[in-house]
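In: only geometry, no sequence info:
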């Protein structure tokens with residue numbers, strides 16, 4: 001007689017440990033072993049804050065919460081420029097979120113279905129199409145607090161528990177505004193139940209969570225008007241982060257939600273909706289989150305992290321309903337193994353990078369010859385380190401375009417808060433020109449590859465080019481960047 005392992009006897013902790021290890025493999029064995037574009041932005045701003053005393057948003061403009069800059073500033077304070085501390089921290093927080101998905105599903109159904117839910121959730125978080133590498137983004141921290149808030153909401157028996165739910169939900173909003181749409185689903189549920197007193201207590205908790213951010217900003221000396229500008233005007237204004245064509249948004253919507261592994265969630269989601277026959281909190285949470293993602297309009301891979309918890313819980317509950325109907329035909333072992341086989345991620349990137357660590361030769365890019373290509377992530381780090389070696393710590397260095405990784409690894413301050421070109425509102429461009437006029441950089445790096453022309457506005461490029469003609473000379477080209485120094489550095493022989 002064969003001995004079989006009863007998977008239903010697994011503890012959630014055992015599965016979460018497996019996910020923790022897998023997540024570290026995915027996030028630490030990433031291309032270049034460097035900070036990503038966005039991580040470099042937050043590391044730069046956090047470093048300017050912790051190391052140079054430049055509070056957000058005087059040390060760099062971005063549309064994120066000061067809380068994320070705290071995490072990256074602490075990382076720099078402890079270990080210098082690195083990519084691993086924030087990703088390990090993010091993996092820990094993500095693991096807490098996975099645990100609370102289990103607790104929610106177990107409360108609604110059973111231990112076994114809780115294991116199914118976290119299998120759906122944990123595996124989908126590892127996908128390339130949901131930003132598996134990017135575990136240290138704001139979505140990770142927002143979703144962790146939001147899932148905890150929802151668990152508190154569903155299990156609340158006392159007024160203080162409802163207030164705590166709102167408080168934790170408010171902190172989720174502090175990390176990312178899209179969490180407000182998840183909290184909204186809780187209010188809708190209470191209003192439909194005509195529990196208006198409970199609405200008040202939930203609102204009281206949520207506002208308390210928001211006041212934590214406001215109080216923190218006041219204590220840290222962060223200008224609240226700048227917080228509003230970066231969170232709203234620079235996000236949604238003309239030339240802002242979300243300023244894209246309908247064609248761009250439609251293509252990204254289809255790419256992320258239709259032509260991707262996300263479609264694996266849809267059959268069981270449909271089963272859930274048909275069986276439950278109501279817009280319960282999970283359906284509302286899913287819909288409201290999709291609306292939030294659509295309002296932003298970027299449909300970035302990391303935005304999908306917001307919608308994964310609700311889809312995972314609904315899929316697991318749908319499995320529970322199917323088990324009730326077909327319990328004599330299928331075993332729990334078969335169900336859980338099937339979920340793992342179907343949802344297990346492709347691990348091409350970590351396997352490839354593991355080979356590099358073991359001595360396999362990487363493909364070399366030919367630089368400074370046409371066609372000019374964007375340098376690899378590892379080479380952007382090398383260029384940043386070259387800039388550090390060839391400038392003084394007090395020099396301003398301006399990397400025009402999208403060279404955030406170069407700026408981060410150079411450990412030099414940009415002369416402008418708009419040190420990368422994602423934000424191109426009229427106000428941002430005016431501030432950029434003013435900053436460059438007041439704080440002349442000792443070194444300017446200009447991309448040679450075509451994305452510079454296609455992504456950076458022509459008027460800004462013209463202004464920078466006039467500066468170069470007037471005050472700078474071309475020192476060299478490196479990694480497809482032209483490197484200019486101020487004329488007073490030139491030495492006659």
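Out: Okay, I see it. Note that the coordinates shown come from a computational prediction; the quantities given were computed from them, not determined experimentally.

In: what residue ranges in this protein are flagged as low confidence?
Out: Regions of the chain meeting the criterion pLDDT under 70 cover residues 1-4, 234-243, 328, 489-493.

In: Do I have it right that residue 335 meets residue 318?
Out: No - in this structure, residue 335 is not within contact of residue 318 by Cβ atoms under 8 Å, at 11.4 Å. Glycine gets a C-beta too; all of them are placed from N, C-alpha and C.

In: which SS class is residue 424?
Out: Using DSSP: H, G, I helix; E, B strand; the rest coil, the structure places residue 424 in coil.

In: That should have said residue 402, apologies.
Out: coil.

In: which residues does it contact?
Out: By Cβ atoms under 8 Å, 6 or more residues apart in numbering, the contact list for residue 402 reads 37, 420-422, 447, 451, 455.

In: Would you write a ChimeraX line that selects the buried entries of those residues?
Out: If you want just the buried ones from the contacts of residue 402 in ChimeraX, going by 16 or more other Cβ atoms under 10 Å, the selection is:
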select :37,420,421,422,447
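
In: Among the contacts of residue 402, which pair sits farthest apart?
Out: Within those, 422 and 447 form the most distant pair, 14.5 Å apart (Cβ to Cβ).

In: roughly how far apart are residue 36 and residue 180?
Out: With distances taken as Cβ to Cβ, to the nearest Å, residue 36 is found 26 Å from residue 180.

In: More neighbours: which of those two?
Out: residue 36 (22 against 17; other Cβ atoms under 10 Å).

In: shouldn't that one be in contact with residue 135?
Out: No - between residue 36 and residue 135 there is no contact under Cβ under 8 Å: 10.7 Å.

In: Can you give the domain ranges for this protein?
Out: Structural domains annotated on the chain: 9-348, 377-489, as defined by automatic domain parsing.

In: which residues sit in contact with the residue nearest the centre of the chain?
Out: With the centre of the chain defined as its mean C-alpha position, the nearest residue by Cα atoms, centre = their mean is residue 137, 2.9 Å away. Residues in contact with residue 137, defined by Cβ under 8 Å, 6+ apart, are 38-39, 90, 131, 302, 305.

In: Likewise for residue 37?
Out: Taking Cβ under 8 Å, 6+ apart as the test, what residue 37 contacts is 402, 404-405.

In: Just want the phi and psi numbers for residue 446.
Out: Main-chain torsions, residue 446, degrees, to the nearest 10: phi -120, psi 130.

In: May I have the secondary structure class of the closest residue in space to it that isn't next to it in sequence?
Out: Nearest non-adjacent residue to residue 446, counting by Cβ to Cβ, 6 or more residues apart in numbering: residue 482, 4.6 Å away. Following three-state DSSP, the label given to residue 482 is strand.

In: And residue 445, by the same measure?
Out: Following three-state DSSP, residue 445 is assigned to strand.

In: what about residue 219, how many neighbours?
Out: Neighbours around residue 219, by other Cβ under 10 Å: 8.

In: all helices of the stretch 301-450 of the chain, in order?
Out: Along the stretch 301-450 of the chain, the stretches classed as helices by DSSP state H, counting those that start in this stretch are 308-326, 332-343, 348-357, 377-389, 404-410, 426-438.
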